[in-house]
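Colleague: my questions concern the predicted model and sequence given below.
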There are 2 protein chains.
Amino acid sequence: MPTTTTSVHLAQRPTGLPVEETWEIRRTELPDELEEGQFLVVVDYISLDPAMRGWLNDVRSYIRPVQVGELMRANATGTVTASRHPDFAEGQAVVGPFGVTEHAISDGTGVTAIDTQLAAPPTWLGALGMPGHTAYFGLHDVGELKSGDTVLISGAAGAVGSVAGQLAKAQGCTVIGVAGGTEKCQWLEEIGFDAAVDYKSDNVLKKLREIAPDGIDVFFDNVGGEILDAGLANLRRGARVVICGAISSYNETSLPPGPSRYLSLLVFRAKMQGFVVFDYADRYPEAVEKVGEHISNGTLTARETVLEGGVTAFNEALQGLFKGVNTGKLVLKV
Amino acid sequence: MPTTTTSVHLAQRPTGLPVEETWEIRRTELPDELEEGQFLVVVDYISLDPAMRGWLNDVRSYIRPVQVGELMRANATGTVTASRHPDFAEGQAVVGPFGVTEHAISDGTGVTAIDTQLAAPPTWLGALGMPGHTAYFGLHDVGELKSGDTVLISGAAGAVGSVAGQLAKAQGCTVIGVAGGTEKCQWLEEIGFDAAVDYKSDNVLKKLREIAPDGIDVFFDNVGGEILDAGLANLRRGARVVICGAISSYNETSLPPGPSRYLSLLVFRAKMQGFVVFDYADRYPEAVEKVGEHISNGTLTARETVLEGGVTAFNEALQGLFKGVNTGKLVLKV
């Protein structure tokens, strides 16, 4: 057993974008031995997620905020190196809510064994993990996706968006992605998107009107702000707008204006619906199976951007996420 | 047969609130005789509806805009005084899209016979007309109303809101109304609302948190703006937000900010859905029957505010609607 570990705790609640002072790096002792039912995980990859920003605000939301002093919440992958738990043997690769830490002692809550033959650990934090589940249930259960739909994905080159777009393509839809920058847009076309709109250089509203003159059936929004409005202005009758997140607003210090064009919901008899992936926890295996099949047969490309630097680089990695440094899933290598 | 009639035509598209110059009062000749299949209606009451403002904008929407020079579109009631139509005999009371006019020649399109024993003509423009249908289908088909739900109605003392609230009460729901002014709020309590919030004197968001600490299941919004945001901040998990209209924004000259709190849809796993009552045209008789039963057995009070002055007072009446002079349905007596 290792004797100490390094982990990242919330030092103070941030205003706007988190900074170094938001965090405290702690070197703590590990216990001498495990209790019955526990196992030790050596963490190898930590997931960076837009939702993390929301967990730092002291407001009522879909999940308890991280408290000052607590270990920062994060999903991570790792390997079991010691175990007194019947279901997790030494050597087993796992994914779970281990937090931003090098080592975790777990009782198995929320932990799943992963098959690193099917895909490397970072993919289990992306297409085969929570972002992939989010794409899968958001499109199908909330967006009521049908073959032949015209689908718009914002944040399309991100962890959730890139999976959502490819799942929709695999189901015979026409898929348009919105992303920031030429490289991301080129990648979207490489992985099969029918069109990509670069919000950094295009007028998204006008461009969508050109690309999809008959309107959008399913709009999977990860971004909010002007891009949400541009999509709302281009719906088709009976459209479903899936509110997955709003990365454009997470670091705002006051509540930004909402979608001016929400009355499009009336004109187009459309619905806009939010969801939280945790509600689908009992169906995660279904998402893993379906996305896994697409990865195995080559109809879905899982991509990750891996940052180096270990847990002490967590703040920098999180800032990178909000700057959009990643294509596909962003993970931090421990 | 009368030889001439007076009617109100669109003279120029308004910017903001319509003014006298928006309209042209025309005195026109009526034909000497009816053609086969036509009938003449002497109009007695004209409906004033918030949606009228939208019909004046030259934009793609759920209905063709009124064109400059055209008779202003309006629902109205009246009596058939001459007929060469097999289904509409002389003396029959009718409701239909006759426009802002004293006399209409109709071929029966969109016209329905009304039973003035069940309710006086103005009620056929309110609780038993389009506003009542809107309340009925919005609550049930869009809002998926269930007994025991906590229901929030904005514009609650208006034509649609007052019917929606009473229908929800009749189904065993707890109903909160938002309206402007003490008198309207008192009336809401008289007709059975459990609580009324006066947006002119109360902080709606805080007040709702006090009145409905467990949140709102169905929010039927006629108003938009800050009241929509206040409702969104107070949803319960799985809530349905019915977007019926947004009277607060119809006379804005630029697109006002949308609901800042739309991410509540995610937190509360809620949906926000728009609708247009015309889509339910084949089920209007169902709405008439159900609302009619409630009127007959006294569980629903239909109220109208009747303005005098005839068609030449149309502009003033329409301005009154946006000022909120009405309690219940606003109609103009011809």
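Modeller: Alright, I've got the coordinates.
Colleague: look up the closest residue to A:Arg240, ignoring the ones flanking it.
Modeller: With C-beta to C-beta, 6 or more residues apart in numbering or on different chains as the measure, A:Gly143 is the residue that lies nearest to A:Arg240, at 4.8 Å, once sequence neighbours are left out. In short, each C-beta sits where N, CA and C put it, glycine included.
Colleague: would you check how far apart the one you found and A:Ala168 are?
Modeller: A:Gly143 is 9 Å from A:Ala168, where distance means C-beta to C-beta, to the nearest Å.
Colleague: ok, the residue nearest to A:Glu35 when sequence neighbours are not counted to chain B distance?
Modeller: Once flanking residues are discounted, A:Glu35 sits nearest to A:Arg84: 6.8 Å by C-beta to C-beta, 6+ apart. According to C-beta to the nearest C-beta, to the nearest Å, A:Arg84 stands 38 Å off from chain B.
Colleague: what confidence value was assigned to the residue nearest to A:Arg240?
Modeller: The model reports A:Gly143 with a pLDDT of 98.
Colleague: what do you get for the one 5 residues further on?
Modeller: At A:Gly148, the predicted lDDT confidence score is 98.
Colleague: that one touches A:Ala168, doesn't it?
Modeller: No: between A:Gly148 and A:Ala168 there is no contact under C-beta atoms under 8 Å: 10.7 Å.
Colleague: more crowded one of those two?
Modeller: A:Ala168 (29 against 10; other C-beta atoms under 10 Å in any protein chain shown).
Colleague: now find how far off-centre the helix or strand that contains the more buried one is within its chain.
Modeller: Assigned by DSSP states H and E, A:Ala168 belongs to helix A:159-170. Distance of helix A:159-170 from its chain centroid, counting by C-alpha atoms, centre = their mean, to the nearest Å, is 12 Å.
Colleague: not counting the helix or strand just after it itself, show me its contacts.
Modeller: Per DSSP H and E, the first helix or strand lying C-terminal to helix A:159-170 is strand A:174-179. Residues from elsewhere that reach strand A:174-179 (C-beta atoms under 8 Å, 6 or more residues apart in numbering or on different chains): A:148-158, A:161, A:165, A:168-169, A:185, A:188, A:192-199, A:204, A:208, A:211-212, A:216, A:223, A:227, A:230.
Colleague: what's the local residue count around A:Ile25?
Modeller: By other C-beta under 10 Å, 15 other residues sit near A:Ile25.
Colleague: again, but for A:Thr182
Modeller: Close neighbours of A:Thr182, defined as other C-beta under 10 Å, add up to 12.
Colleague: surely it touches A:Asp198?
Modeller: Yes: judged on C-beta under 8 Å, A:Thr182 makes contact with A:Asp198 at a distance of 6.3 Å.
Colleague: circling back: I'd guessed the residue nearest to A:Glu35 sits against A:Phe39; true?
Modeller: Yes: the pair A:Arg84 and A:Phe39 passes the contact test of C-beta under 8 Å, sitting 6.8 Å apart.
Colleague: the two: who's more crowded?
Modeller: Neighbours were counted for A:Arg84 and for A:Phe39 using other C-beta under 10 Å; A:Phe39 has more, 24 against 13.
Colleague: so the more buried one touches A:Pro86, yeah?
Modeller: No: counting by C-beta under 8 Å, A:Phe39 does not reach A:Pro86; the two are 9.9 Å apart.
Colleague: ok, A:Asp264 touching A:Met272?
Modeller: You called it Asp, but residue A:264 is Ser. No: judged on C-beta under 8 Å, A:Ser264 makes no contact with A:Met272 at a distance of 9.3 Å.
Colleague: OK, contacts around the residue of the stretch 101-250 of chain A found nearest chain B?
Modeller: Closest approach between the stretch 101-250 of chain A and chain B, counting by C-beta to the nearest C-beta: A:Ile243, at 5.2 Å. Residues near A:Ile243 by C-beta under 8 Å, 6+ apart: A:221, A:272-275, B:262-263, B:265-266.
Colleague: can you pull out the helices in the stretch 101-250 of chain A?
Modeller: For the stretch 101-250 of chain A, the helices defined by DSSP state H, counting those that start in this stretch cover A:121-125, A:130-137, A:159-170, A:182-190, A:204-211, A:225-232.
Colleague: C-alpha coordinates for the shortest one, PDB please?
Modeller: It stands for helix A:121-125. Extracted as PDB, the C-alpha positions of helix A:121-125 are listed here (Å, rounded to 0.1, in the frame of the first residue of the first chain):
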ATOM      1  CA  PRO A 121      -9.500   4.000 -20.000                       C
ATOM      2  CA  PRO A 122     -10.000   7.600 -21.300                       C
ATOM      3  CA  THR A 123     -12.800   6.300 -23.600                       C
ATOM      4  CA  TRP A 124     -14.600   5.000 -20.500                       C
ATOM      5  CA  LEU A 125     -14.700   8.600 -19.300                       C
END
